[in-house]
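>>> Got a sequence here, can you model it:
(4 chains)
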4 protein chains.
Amino acid sequence: MDFAFDSVTEDLRERLLRFMDECVYPAEAAFEEQAATSGWSPPPLLDDLKDEARKRGLWNLFLPGDHGAGLTNLQYAPLAEIMGRSPSIAPVATNCAAPDTGNMELLAMFGSEWQRKEWLQPLLDGEIRSAFAMTEPDVASSDATNIATSIVRDGDEYVINGRKWFISGAMNPNCKILIVMGKTNPDAPKHRQQSMILVPRDTPGVHIKRGMHVFGYTDADHGGHAEILFEDVRVPAENLIGEEGGGFAIAQARLGPGRIHHCMRLIGMAERAVELMCRRALARTTFGRPVAEQGVVQDWIAESRIRIEQSRLLVLKTAWLMDTVGNQGAHTEIQAIKISTPITVEWILDKAVQVHGAGGVSQDFPLAALWAGARSLRLADGPDEVHKRSLAYRELKRYM
Amino acid sequence: MDFAFDSVTEDLRERLLRFMDECVYPAEAAFEEQAATSGWSPPPLLDDLKDEARKRGLWNLFLPGDHGAGLTNLQYAPLAEIMGRSPSIAPVATNCAAPDTGNMELLAMFGSEWQRKEWLQPLLDGEIRSAFAMTEPDVASSDATNIATSIVRDGDEYVINGRKWFISGAMNPNCKILIVMGKTNPDAPKHRQQSMILVPRDTPGVHIKRGMHVFGYTDADHGGHAEILFEDVRVPAENLIGEEGGGFAIAQARLGPGRIHHCMRLIGMAERAVELMCRRALARTTFGRPVAEQGVVQDWIAESRIRIEQSRLLVLKTAWLMDTVGNQGAHTEIQAIKISTPITVEWILDKAVQVHGAGGVSQDFPLAALWAGARSLRLADGPDEVHKRSLAYRELKRYM
Amino acid sequence: MDFAFDSVTEDLRERLLRFMDECVYPAEAAFEEQAATSGWSPPPLLDDLKDEARKRGLWNLFLPGDHGAGLTNLQYAPLAEIMGRSPSIAPVATNCAAPDTGNMELLAMFGSEWQRKEWLQPLLDGEIRSAFAMTEPDVASSDATNIATSIVRDGDEYVINGRKWFISGAMNPNCKILIVMGKTNPDAPKHRQQSMILVPRDTPGVHIKRGMHVFGYTDADHGGHAEILFEDVRVPAENLIGEEGGGFAIAQARLGPGRIHHCMRLIGMAERAVELMCRRALARTTFGRPVAEQGVVQDWIAESRIRIEQSRLLVLKTAWLMDTVGNQGAHTEIQAIKISTPITVEWILDKAVQVHGAGGVSQDFPLAALWAGARSLRLADGPDEVHKRSLAYRELKRYM
Amino acid sequence: MDFAFDSVTEDLRERLLRFMDECVYPAEAAFEEQAATSGWSPPPLLDDLKDEARKRGLWNLFLPGDHGAGLTNLQYAPLAEIMGRSPSIAPVATNCAAPDTGNMELLAMFGSEWQRKEWLQPLLDGEIRSAFAMTEPDVASSDATNIATSIVRDGDEYVINGRKWFISGAMNPNCKILIVMGKTNPDAPKHRQQSMILVPRDTPGVHIKRGMHVFGYTDADHGGHAEILFEDVRVPAENLIGEEGGGFAIAQARLGPGRIHHCMRLIGMAERAVELMCRRALARTTFGRPVAEQGVVQDWIAESRIRIEQSRLLVLKTAWLMDTVGNQGAHTEIQAIKISTPITVEWILDKAVQVHGAGGVSQDFPLAALWAGARSLRLADGPDEVHKRSLAYRELKRYM
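As a prediction, the model looks like this:
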């Protein structure tokens, strides 16, 4: 047992930290300004940052294997944490932003040669963005067998009908491709009914209806969260990813890395929040004493530090398990961090907001927006309660 | 001891409930639509609702004495709760919306005859709106002695310089008058330095800079939360409310009713949330069972019911104390409900959001917006922590 | 709506408070000393206190109707709270101690003339004690239909077989009578299978096996919590209370008042805890400052005050409902206080312990023992979780 | 970074697990029986277990260096966890029980050759027990500068006067030696006033007054928690450990390992609790369903699993830091686990109790007693609040 990072990780951490200091944090104010007027498109300054990151060798760090930087999960995790300290900029600048990351992994693993050339390559190059269309408004989507969108074979084509929402990134005009989950085989066994299919966003019948809000935020700077109606959408049969009925298995494979990336970034957000909380508490005075001397605020700071340390370690161990025994072997731990990290970070952000007074809930600090992001992760990809039940079953099984 | 409402209250409750059913709830969808395009102005349908409410005798219910409906706090409390079930519409429709309510009480109690005629009357008639300019961005405003805005006598005028923010309602073009708190006597004893003064919103030097956000919400439909720069703003000396140095005392007098109104409305929001939570839980199915049969959801519903009952009773008792021993005598209880109600209702709203899945955080249900409102009340008018400390001191004093 | 006590209550409160000050608190130290050597019998000083209380007209206050003081629940509630401040002494001294209170009510309501003469009278006179034998070790007794003890008619007698535990008070040699719940009609509908029967503690076949502990406490001073084996125990048929199959209904009738008395006493304990916490915080100094100036301790004090006020009001309203609409009509509220009061008071006691340092967990302060009592009430008479589920069902039903 | 145990650890874990299965768990029932009648002495069966453990090479595992097994903290931690699963037996059986462990480390590090021969050797051999006398009833002992016991040089002797309490193990007649903290130099700088001195328990003037209770438990089987009066107690000058004024530094050095051992054992207790909770939930049925199918119980199980994983990892990382950068470098983490582990495990034990119903609070399951132990660790060695403040200061300092 050893808690030190290896040298590859240390080297990349240093370079990434320098990139944050030299390029990312200094761009935050301008990013917000540009975001205020750039509609559903990303602020243009991101292009320069992407060039810079690529030049510095900080590109596609998330992707194992030949297509990307070839890091293990354990090596990537602390880098994702650092990116999470400025989560609107750093992940995009390094081409490590969701949902592209998950989509690229999916295509690298399950895509045909043609699919990889057509869609994976421009994603790897940071030229286009993508979206993952799973959640539906009319059913509890945490139970994937509820998915109602239909994908019907018709000659050389598939015809797609259904309604999706909270499709992150899909409002962005540069989002060129959607990976859509739907049912091809409604009569097959429960977990063999679903398939995934590639649908170019400009295919006739794809109606981008509106952007969903998250606690008032449109998240326009990273392409919002679209509601999309698929009305007799036709794509060539070769757009199907993998085989008919393989959608559920692909979705499962996609989840592990996606969840751990989210958790690592959340921990970076929490670190940012603690820094802001401390700085504010030291700078403000009430009733004749700095806020930093108030016992309750000290309690929050101490609790935040402890909870961050515990959360980070469990995420890192999960990464190690994924690397050593595979995503399936790390199932319990992946679920554990999916449940515990968002609510922990939400708590820390709430306290940081409170220390900032009215400013904390406003656009003048990143805290409220980060909070909304953390809060929504308690729901995204299935509410915590569903995951807790499943985790409990596995625990109980040991004694059956 | 008797827990039944008196007949005046019962009668008004019935009429108000009918108004909600017949006029308010049916207008909610159209309100949201109008709000999306009406900028900082209130949705126009409110005008009809105001006429209707006035016709039904549901007008200025909040205001004791001759100027208003003449109810006690205990009589008004359950009415405010009902209004809170649709908090964007009902309070405005009945001319019982903050911050006008507090401002009207203030003018009724402390305004000169001229001030009452000029500003109180149009407020009572629902013709104009008003704002209360207290919080400043540069100091911890929970400690009123930190207030830095200066109000300097110059001949027959006062000259005002300072910066305020989170001035609720002040983005609304129909907000005609600001009550501004500042320092007239910086060398007087700590609680005799402040004064309040009436500043028409269109006075030269009043610069409305921007609307502050509350989590992603601008709250444009009720006039937002303005940042305002006062630059050499000159108003006649007769605009001063009460006497020089009386500002702190007036602020204190304004707080009691303001807080209890907020709390009652919050309880109405909580009731709405429980209703939505139950309906959703009954309507959705996951893993073969209605969500309503999940033990954790049942636990949330039970806890919500219990917490609402407890919170409501403490608010009602506080109202009774204000009526029987005065706001000063009810100080502990006012503080207690100010601390406990927002965080309780926030908890309930959070659970209702969770039961709604992704929809819960979105614009399709009122829950996320209500949550942001409840959350910000943990900060508004001083963070909870300041009030807890003060409450603890009073408890400790009993044993000194 | 009126939050003032009526004059009967005010008068009794004053007299009871005087009795506490003059007789109960001064006896606490001696009580502990006697308890250390009196085995399963109550400390002898209680006899004098009982005489004194009776002389002062502070006797059987809990009992409505002609047999007792004839108070309503709402009148008795604040008196029970006061008794709860010294819960080992005051309730016994005033003949208002569980489980006798519930047993006396039960006999007053459902007992035959003979049963009332034989058992109710000496209980009313404080000459004997009694126990209520419901919980069984081998089944989840919160589900009364699980009860396995059998009561079989055999000629003029009933024969009882079964095992009970946590039978409070039954270790006390002066406990003369047991009310036993068992099944007479195993083939009847679910809630018509049970009966209650009077079993003198010295009946052959009644084996008092041992005293159960509660977090290390034997509670010997109030008769412990016995495990009892009933082996072919024979009692005359006239010992049956009410009719065969009526046991479940009688148990339900007994629960309402029992629960509310527990809750009121718990609130008295909480008040005692806050007093001790404040006194200790004022008396101790760490790192150069009185503990009372530590922000976290102030937070606990404030929270305790708020939670006590809310809890008390809900208990009082429940009492009022029981008086005005009956126990059945107050079902939701009785369940609500059963769930919320113990856990609230447990929290307060935990904080008071913490402020007392190592002394807090010891025999030198009453806090740890009170904590154990409060904690066990989260389980007694069904774990909270069972009650929450039932409360949630009623809430959900409103929207079905 | 690597989360696998090394081979030394794996080997010892296996052997220890076998010892638990073959010797410890099977002895638990008999241990309780013997404990009920053995007064303040340990149950005699421990002697055989000690022989067996020693034979199996499972002896003094806690002690680094030549005197003991020579393991690192990181190697010992998972072994301590396993012992914690049966905390009354396993640590004593393997001579790894507090407070001997800390005392042995202290003597190994700071004892003179004579002291080591006289007291360390019989402790290492498991022939005698020891106690550590720090806490005083009259001052807040978490602030070591409050310690009031005096140690005054008088010729070749030191004279000790003072009162201590909660001196764990000191009621045991086989506890032969006390390490006493007191003030030798009251006029020196604050942290140079204290010294530690060896006091044989049978020295004249050492009055063992009584055993303190912990929530009703006397903890007699491991020697209770004594209140001790030191009245003109005279010991030879050579009994002083280290130098005059060195007591504070020695105390600090003793704390690190002591705390981490406690935390590891707590995690073992938590694992035991989860196992019991699961087994019970699977075995009991209420309202027609196994308790294990209740959503709230599943939630507790899932939360328990997650919290255990997080807690364990932070303890292990702390052990690694102690090994790699020293106790001083691991200060923050040691404090973090001291704060977070007891309250986490207390929570888990509380839920396990709840699942066991009335049995959970009783002597029939180990849960209530384990709870009392965990609860008291929130106070032992300074209440959590003191440690949180200190941890917060270090966090704030990064931004000063």
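
>>> What are the boundaries of the strands in chain A?
Secondary structure of chain A by DSSP state E: the strands cover A:129-133, A:150-154, A:157-168, A:175-183, A:194-200, A:206-211, A:225-236, A:240-241, A:285-286, A:289-290.

>>> Direction included, what does the lowest-mean-pLDDT helix or strand in chain A pair up with?
Lowest on mean pLDDT, DSSP states H and E among the helices and strands of chain A sits strand A:285-286, with a mean of 86. Within its sheet, strand A:285-286 is paired with strand A:289-290 (antiparallel), according to DSSP bridges.

>>> Flag every residue of chain A that's near chain C.
Counting by CB under 8 Å from any CB of the partner chain, the residues of chain A close to chain C are A:294-299. In short, each C-beta sits where N, CA and C put it, glycine included.

>>> mind redoing it with 6 Å?
A:294-296, A:299 (CB under 6 Å from any CB of the partner chain).

>>> Now those in a markdown table, please, with extra columns for pLDDT and distance to A:Ala374.
Listed next are the residues of chain A next to chain C as a markdown table, based on pLDDT from 0 to 100; distance: CB to CB, whole Å:
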| residue | pLDDT | distance to A:Ala374 |
| --- | --- | --- |
| A:Gln294 | 95 | 24 |
| A:Gly295 | 96 | 26 |
| A:Val296 | 97 | 22 |
| A:Asp299 | 98 | 20 |
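
>>> of those residues, list those near chain B.
Subset of the residues of chain A next to chain C in contact with chain B: A:Val296, counting by CB under 6 Å from any CB.

>>> now, which of the residues of chain A next to chain C sits nearest chain C?
A:Gly295 (2.5 Å; CB to the nearest CB).

>>> I'd say the closest one and C:Val297 touch.
No - A:Gly295 lies out of contact with C:Val297 (CB atoms under 6 Å); the separation is 7.6 Å.

>>> Compare these two (neighbour count), which wins?
Applying other CB atoms under 10 Å in any protein chain shown to A:Gly295 and C:Val297 shows that C:Val297 carries more neighbours, namely 23 against 20.

>>> contacting residues for A:Ala53?
By CB atoms under 6 Å, 6 or more residues apart in numbering or on different chains, the residues touching A:Ala53 are A:59, A:93-94.

>>> Nearest approach to B:Gly111 belongs to which of the strands of chain A?
For B:Gly111, the closest of the strands of chain A is strand A:285-286, at 31.0 Å, according to CB to CB.

>>> Residues contacting the closest one, please?
With contacts defined as CB under 6 Å, 6+ apart, strand A:285-286 is touched by B:140, B:143.

>>> rerun at 7 Å
Strand A:285-286 has contacts (CB atoms under 7 Å, 6 or more residues apart in numbering or on different chains) with B:140, B:142-143.

>>> Same check on stretch A:319-332?
A:72-74, A:77, A:253, A:256, A:260, A:318, A:333, A:391, A:394, D:1, D:3.

>>> what do you get if the cut-off is 6 Å, keeping everything else the same?
A:72-74, A:77, A:256, A:260, A:318, A:333, A:394, D:3.

>>> Check stretch A:108-126 too.
Contacts for stretch A:108-126 (CB under 6 Å, 6+ apart): A:50, A:67, A:95, A:100, A:104, A:107, A:128, A:130, A:177, A:241-242, A:250.

>>> The closest residue in space to A:Leu12 that isn't next to it in sequence - how many residues pack around it?
Nearest non-adjacent residue to A:Leu12, counting by CB to CB, 6 or more residues apart in numbering or on different chains: A:Leu79, 5.7 Å away. A:Leu79 has 25 neighbours, counted by other CB under 10 Å.

>>> Domain parsing of chain A, as residue ranges.
A:7-124, A:129-243, A:248-397 (automatic domain parsing).

>>> if you compare the ones you listed, which one is most tucked away?
domain A:248-397 (a mean of 22; mean count of other CB atoms under 10 Å in any protein chain shown).

>>> measure that one end to end?
Domain A:248-397 has its terminal residues 24 Å apart, counting by CA to CA, to the nearest Å.

>>> coming back round to it: any idea which of the contacts of stretch A:319-332 is closest to chain B?
A:Arg394 (15.6 Å).

>>> The closest one: what's it in contact with?
With the criterion set at CB under 6 Å, 6+ apart, A:Arg394 makes contact with A:Thr332.

>>> at 10 Å instead, please
A:331-332, A:335, D:301-302, D:305 (CB atoms under 10 Å, 6 or more residues apart in numbering or on different chains).

>>> what's near enough to touch the closest residue to A:Leu349 other than its chain neighbours?
Spatial nearest neighbour of A:Leu349, excluding adjacent residues (CB to CB, 6+ apart): A:Trp371 at 4.2 Å. The neighbours of A:Trp371, taking CB under 10 Å, 6+ apart as the test, are A:215, A:269, A:273, A:345-350, A:352-353, A:360-361, B:215, B:375.

>>> Among those, list the two that are farthest apart in space.
A:Met269 and B:Arg375 (17.9 Å).

>>> Now distance to B:Pro122 too, for the strands of chain A, in CSV please.
Shown next, in CSV, are those (distance: least, CB to CB, whole Å):
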stretch, distance to B:Pro122
strand A:129-133, 51
strand A:150-154, 59
strand A:157-168, 45
strand A:175-183, 51
strand A:194-200, 57
strand A:206-211, 39
strand A:225-236, 43
strand A:240-241, 65
strand A:285-286, 37
strand A:289-290, 44
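
>>> Can you show me the helices along the stretch 251-400 of chain A?
A:295-329, A:331-355, A:358-361, A:367-377, A:384-397 (DSSP state H, counting those that start in this stretch).

>>> give the contact list for A:Ser130.
By CB under 10 Å, 6+ apart, the neighbours of A:Ser130 are A:99-104, A:106-107, A:119-120, A:122-123, A:169-170, A:172, A:174-179, A:198, A:201, A:223.

>>> Next, name the residue at the spatial heart of chain A.
For chain A, the residue sitting closest to the mean C-alpha position, by CA atoms, centre = their mean, is A:Ala98 at 4.2 Å.

>>> Distance check, it against B:Ile151.
52 Å (CB to CB, to the nearest Å).

>>> Point me to the residue of chain A nearest chain B.
A:Gly216 (2.7 Å).

>>> wait, that residue sits on B:Leu370?
No - using CB atoms under 10 Å, A:Gly216 is not in contact with B:Leu370, being 11.5 Å away.

>>> re earlier: so the residue nearest to the centre of chain A touches A:Gly84, yeah?
No - between A:Ala98 and A:Gly84 there is no contact under CB under 10 Å: 11.3 Å.

>>> Between these two, which contacts overlap?
Common neighbours of A:Ala98 and A:Gly84 (CB under 10 Å, 6+ apart) are A:91, A:261-262, A:265.

>>> pLDDT for those residues - can I get that in JSON lines?
As requested, the shared contacts of A:Ala98 and A:Gly84 are exported to JSON lines (pLDDT from 0 to 100):
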{"residue": "A:Pro91", "pLDDT": "98"}
{"residue": "A:His261", "pLDDT": "94"}
{"residue": "A:His262", "pLDDT": "96"}
{"residue": "A:Arg265", "pLDDT": "98"}
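
>>> Cool, thanks, signing off.
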